[in-house]
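Q: Fold the following for me, if possible:
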Amino acid sequence: MPNTGDVISEVDDALCVLIGRALPEGAAVRLDPPKPTWQTERPSAAIDLFLFGLHNDPSGRESGWEEFRDERGAVRARRPSSRRCALSYLVTARAAKVSEEHTLLDLALRTLLFADAIPRDCLSGDLAEGEPVALEVSTEGPGDLWSSLGMPARAAFVLTASAAFPAPVDEDVAPPAEKMSLRSGQNVPAALAPSAPRRWVRT
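A: Numbering: from 1, shown residues only. Next up, the predicted model:
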């Protein structure tokens, strides 16, 4: 029976692979959150993915159960359908020049705009064999996010990845019946059984 892996880390890794393919040699994809020290650090060419939001995604939810059977076909465990969660990332760039940052952002944006889902060859773990991870570039800007982080605004966009989270497997399933008895009649207690008809004797 499959185990439930670390979905968030698997999505992180898959996005790093997908975006990294589009970047020039020497540029990296990192999962660092924005921080004030960016203003004084020596910049290196990189796309930064900051996971700032997680919320339930009811789209694509299914009902029912998935059953796991043994070699005889008996149900040994089951689990309910998976639930989806939307992971929101702030995507920004760092480089020595603003023009270089914009070039990196352009490459990342083009890659994500034309990808409805993360390609299978970017996925690992349970995600590689599970439901697709849908991608969507948000129509809303991250202005409020920069304010809450206490940093000056910079070029960025918000990416949402919708991933399926498998439910825990329920192994508390009643064992299958080993044998079955079929009876053609019922045993009726003597007190409830009809009495024999009386015989009248003429005297």
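Q: that's a helix at Asp13, yeah?
A: Yes. Applying DSSP: H, G, I helix; E, B strand; the rest coil, one finds Asp13 inside a helix.
Q: pLDDT value on it, please?
A: With respect to pLDDT, Asp13 scores 96.
Q: What is the neighbour count of it?
A: 18 (other Cβ atoms under 10 Å). C-beta: built from backbone N, CA, C; applies to glycine.
Q: So what's the residue count around the nearest residue to Thr111 once chain neighbours are set aside?
A: Leaving aside its chain neighbours, Thr111 sits nearest to Ala22 (4.4 Å; criterion: Cβ to Cβ, 6 or more residues apart in numbering). The number of residues packed near Ala22 is 17, by other Cβ under 10 Å.
Q: Report the contact partners of Ala153.
A: Ala153 sits next to Gly143, Trp146 when contact means Cβ atoms under 8 Å, 6 or more residues apart in numbering.
Q: which SSE is it in?
A: Assigned by DSSP states H and E, Ala153 belongs to no helix or strand.
Q: so where's the protein shaky on pLDDT?
A: Regions of the chain meeting the criterion pLDDT under 70 cover residues 1-5, 39-40, 60-81, 167-203.
Q: Identify the residues contacting Pro132.
A: Applying Cβ under 8 Å, 6+ apart, the residues near Pro132 are Ala117, Ile118.
Q: right, and the secondary structure at it would be what?
A: Three-state call for Pro132 (three-state DSSP): coil.
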